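Provided below are the primary sequence and the corresponding predicted coordinates.
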Amino acid sequence: MERQSVTSGNLAEVGYDPDFETLEVQFRHGGVYQYYNVPPYMNERLMTAESLGRFFNTEIKGHYPEAKM
């Protein structure tokens, strides 16, 4: 999955696969995780959030199944 660089203190890169509703996040301090069953509107909200890290922590982390890559 292709990821794009983002401006965030916590997130380094974010990718999204709409066919599988999979969000992939590379963190600045290491680690790449995939989050499953993330609807397209949540990816859009993340990418347009004022604070990507805050949105990720409150709306995605702990709300969707995840796996470390």
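Sure, I can see it.

What separation is there between the residue of the chain most remote from its centre and residue 41?
In the chain, the residue that sits farthest from the middle, by Cα atoms, centre = their mean, is residue 19; the gap is 15.5 Å. Taking Cβ to Cβ, to the nearest Å as the measure, residue 19 falls 15 Å from residue 41. For glycine as for every other residue, the C-beta is placed from the backbone atoms N, C-alpha and C.

So for whichever strand or helix holds residue 23, what gets flagged as buried?
Using DSSP states H and E, the element containing residue 23 is strand 22-27. By neighbour count on 16 or more other Cβ atoms under 10 Å, the buried set for strand 22-27 is 22, 23, 24, 25, 26.

Strand partners (parallel or antiparallel) of that strand?
Partner strands and pairing direction for strand 22-27 (DSSP bridges) are strand 11-17 (antiparallel), strand 32-35 (antiparallel).
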